[in-house]
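> turn this into a model:
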Amino acid sequence: MQRIDRVIDVAEHLGTVLAQVVPFAPESRAVASARGRVLRHPVHADVDVPGFDCSAMDGFAVRDADVAVVPATLRVIADLPAGTELDPRMDAGQAARIMTGAPVPSDATTVVPFEDTARGLAGGLDAVTIVAAPRGPGAHVRRRGSDVRKGALVVDAAVRLTAARLGAIAAAGVGTVSVSRAPRVAVVSTGSELQPAGDALRRGQIPESNSVLLAGLAEEAGAEVVLRTSVGDEGEGPRHAIAAAEAAGADVVVFSGGVSAGAYEVVKNTLGDLMRFESVRMQPGKPQGFGRTPGGILLFGLPGNPVSAAVSFELFVRPALRALEGDADLGGEAVRVALTVGRRARPERVQYVPVRVDRSDPARWTATPTAHGTRGLGDAEGLAVIPPRAHDLVAGDLVTVTLW
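This is a model prediction of the structure:
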């Protein structure tokens, strides 16, 4: 692939990335083990929910005619816990003690809560005195199919399965779902100066942190990290890393460093046949690389600065991972908040500023830029997006913040 250095917009680079994404083939998975995966086909209910008329309260199933005038004393002829198969016949003047979720007898029309009886749960099973009239026919009865009818849509495709969504699917009688597997990611830091964190450092060496950062971001995005390594600034390290990633079954390789305009840009110098290198109108993260191996592995070349790498991951890698899974939502949650301080505008590029978000006033959230560097990145809760503009921002101006 030809190496090209030109300046493009963020949207153009993201479009290039997404155009190369081929979503995974779906696989079947048990509902109990599908949390966090993306649903690939719509789920429709296999049963009515609820599957029968059931009690919404602990109390007594009665006939409306028998409680039209209160107080009314009725003979208790059955005790119905949740899960019972009983459907006792109820004649005039009779009631059945019933628990929440139990089937309501066919002859009953209403459930009277224990609170509306003379002695409540302590009243025994011989007779009950109703002291408050029901609010109307069908009170405290959940009708069959009132939540979901059999065949109705429960969860649409292309959404990530949360615990709540899985609970709704299971309640609808569905035991397996069609989902995407997790993307497999390899993370490769470049730089001869890098040493494992915690090792003794000589002059000119620094702790290697980008692979920890990017692997963590990948895992938080739902991916499986199958390789985390680093290579020097000379030799064919990036090619060897790609080969190792391929052997590990990676779908994506994320390089950090080696993509700028220096003399020792090892990714740019060795992978020009596989990747395209461009300058993107953004700060931080201007130098970007992207490509794809003949076997279909997506290759990302991110800047080596940790903040630049993190911002680039959020803008380009995370959407690609989501697209591989077939997720309809490629971006993070965005909110409009007020800046607490002014900010210099950049007419030629969009700025992505790590910020803390103050939610103490529900009516007016505010965003404060964090300190520069990795410590500030660690304190950040999201990125304030400041489009190119001619005039500087002042405290109180609204900006869009994409939450981590």
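> residue contacts, residue 317?
If a contact means C-beta atoms under 8 Å, 6 or more residues apart in numbering, then residue 317 has 214, 217, 218, 221, 252, 254, 300, 302 as its contacts. (C-beta placed from N, C-alpha, C; glycine too.)
> er, residue 45 actually
148, 149, 150, 151, 152, 154, 172, 173, 174.
> also residue 213?
Residue 213 makes contact with 306, 309, 310, according to C-beta under 8 Å, 6+ apart.
> hang on, it in a helix?
Yes: using DSSP: H, G, I helix; E, B strand; the rest coil, the secondary structure at residue 213 is a helix.
> look up how far residue 368 lies from it.
22 Å (C-beta to C-beta, to the nearest Å).
> got a ChimeraX select line for the buried ones in the contacts of residue 317?
A single ChimeraX command is used to select the members of the contacts of residue 317 judged buried by 16 or more other C-beta atoms under 10 Å:
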select :214,217,218,221,252,254,300,302
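> keep only those of the contacts of residue 213 that are in strands.
Among the contacts of residue 213, DSSP state E puts none in strands.
> where in this protein is pLDDT low?
Residues of the chain that meet the criterion pLDDT under 70 lie in 1-5.
> can you pull the contacts of the residue positioned nearest the centre of it?
Central residue of the chain (C-alpha atoms, centre = their mean): residue 160, 5.9 Å from the mean position. By C-beta under 8 Å, 6+ apart, the contact list for residue 160 reads 36, 37, 38, 39, 222, 327, 329.
> partner residues bridging the fourth one?
Residues found in beta-bridge contact with residue 39 (criterion: DSSP bridges) are residue 179.
> Provide a list of residues in contact with it.
So residue 39 contacts 155, 156, 157, 158, 159, 160, 161, 165, 177, 178, 179 (C-beta under 8 Å, 6+ apart).
> what is the burial count for the first one?
Read that as residue 155. The local packing of residue 155 (other C-beta atoms under 10 Å) involves 20 other residues.
> picking that back up, which of the contacts of residue 160 count as buried?
37, 38, 39, 222, 327.
> show me the strands in the stretch 251-400 of the chain, by range?
For the stretch 251-400 of the chain, the strands defined by DSSP state E, counting those that start in this stretch occupy 252-256, 275-280, 282-283, 287-292, 298-302, 334-339, 350-358, 366-369, 382-386, 398-403.
> is it possible to get CSV of those strands that adds distance to residue 94?
Putting the strands of the stretch 251-400 of the chain into CSV (distance: least, C-beta to C-beta, whole Å) gives the following:
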stretch, distance to residue 94
strand 252-256, 68
strand 275-280, 77
strand 282-283, 75
strand 287-292, 74
strand 298-302, 70
strand 334-339, 58
strand 350-358, 60
strand 366-369, 63
strand 382-386, 62
strand 398-403, 58
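> coming back round to it: between the contacts of residue 39, which is closest to residue 358?
residue 160 (27.8 Å; C-beta to C-beta).
> for that closest one, give its distance to residue 37.
In terms of C-beta to C-beta, residue 160 sits 7 Å off from residue 37.
> need the overlap of contacts for those two.
Taking C-beta under 8 Å, 6+ apart as the contact rule, residue 160 and residue 37 both touch residue 222.
> would you turn the contacts of residue 160 into a markdown table with distance to residue 316?
Compiled in a markdown table, the contacts of residue 160 are given as follows (distance: C-beta to C-beta, whole Å):
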| residue | distance to residue 316 |
| --- | --- |
| 36 | 22 |
| 37 | 22 |
| 38 | 19 |
| 39 | 24 |
| 222 | 16 |
| 327 | 15 |
| 329 | 16 |
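> out of these, who's nearest residue 193?
Closest approach to residue 193 among the contacts of residue 160 (C-beta to C-beta): residue 222, at 31.9 Å.
> nearest residue to residue 254 other than its sequence neighbours?
Leaving out its chain neighbours, the residue that sits closest to residue 254 by C-beta to C-beta, 6 or more residues apart in numbering is residue 300, at 4.7 Å.
> so that neighbour touches residue 285, yeah?
No: in this structure, residue 300 is not within contact of residue 285 by C-beta atoms under 8 Å, at 11.6 Å.
> overlap in contacts of those two?
Residues within reach of residue 300 and of residue 285 at once, by C-beta under 8 Å, 6+ apart, are residue 312.
> quick one: contacts for residue 308?
Counting by C-beta under 8 Å, 6+ apart, residue 308 has contacts 284, 285, 302.
> among the contacts of residue 160, which are located in helices?
Using DSSP state H, no member of the contacts of residue 160 falls within helices.
> and the closest residue to residue 114 other than its chain neighbours, how many neighbours?
Nearest residue to residue 114, sequence neighbours excluded (C-beta to C-beta, 6+ apart): residue 120, at 4.2 Å. Neighbour count for residue 120, taken as other C-beta under 10 Å: 13.
> please apply the same query to residue 79.
Residue 79: 14 surrounding residues under other C-beta under 10 Å.
> again, but for the one 5 residues further on
As a burial measure, the neighbour count of residue 84 was computed by other C-beta under 10 Å and equals 15.
> that one is in contact with residue 104, isn't it?
No: contact criterion C-beta under 8 Å: residue 84 and residue 104 do not qualify, at 11.0 Å.
> tell me who's in contact with residue 91.
Neighbouring residues of residue 91 by C-beta under 8 Å, 6+ apart: residue 107.
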